[in-house]
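Engineer: Show me the folded form of this:
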Amino acid sequence: MLTTVVKLSERNQMVLPKAAREALGVKPGGRVMVIVEGQDVRLLPEPESWSDYIYGLGKSMWEGLGGGENFLREERAAWQEPTG
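Structural biologist: Take a look at the predicted model:
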């Protein structure tokens, strides 16, 4: 593990250290995602394909609802119920 301290400029900018750029595989002009969770901050390279990156993220949620098809069937049935 490498620990480096960087200084923020007056405009709150910093230079990403070379070891971090190499570990992330980013080049000049490349983009980095900044993920903030409480006081923890993670840097990840921007995915080449966002659809591939997010594919399956909601899988456990849909499984908890009985699957996407079941959820859709229940929603459509609720639209048919009389209100009132």
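
Engineer: Assess the claim that Gly68 and Gly58 are in contact.
Structural biologist: No: applying Cβ atoms under 8 Å as the test, Gly68 and Gly58 come out as separate, 9.1 Å apart. No exception for glycine: its C-beta is placed from N, CA and C like everyone else's.

Engineer: where along the chain do the strands fall?
Structural biologist: 32-37, 40-45 (DSSP state E).

Engineer: can you list the domain ranges for the protein.
Structural biologist: 18-46, 48-84 (automatic domain parsing).

Engineer: which one of these has the lowest average pLDDT?
Structural biologist: Across the domains of the chain, domain 48-84 has the smallest mean pLDDT, namely a mean of 83.

Engineer: Give me the distance between Glu37 and Lys27.
Structural biologist: 27 Å (Cβ to Cβ, to the nearest Å).

Engineer: This protein: helices as residue ranges?
Structural biologist: 18-24, 50-54, 59-64, 68-80 (DSSP state H).

Engineer: List of residues touching the longest one?
Structural biologist: Think helix 68-80. 62, 65-66 (Cβ atoms under 8 Å, 6 or more residues apart in numbering).

Engineer: what's the answer for the shortest one, then?
Structural biologist: With Cβ under 8 Å, 6+ apart as the test, helix 50-54 has contacts from Pro47.

Engineer: how deep is Arg73 tucked in, by neighbour count?
Structural biologist: 12 (other Cβ atoms under 10 Å).

Engineer: cool, and Thr4?
Structural biologist: Residues near Thr4, counting by other Cβ under 10 Å: 9.

Engineer: quick one: it and Val15 touch, right?
Structural biologist: No: proximity of Thr4 to Val15 does not meet the contact threshold set by Cβ under 8 Å, at 10.3 Å.

Engineer: Chain neighbours aside, what residue packs nearest to Leu65?
Structural biologist: Phe71 (4.5 Å; Cβ to Cβ, 6 or more residues apart in numbering).

Engineer: burial of the one you found, as a residue count?
Structural biologist: 14.

Engineer: measure it to Lys59 for me?
Structural biologist: For Phe71, the distance to Lys59 - Cβ to Cβ - is 13 Å.

Engineer: ditto for Ala78
Structural biologist: 23 Å.
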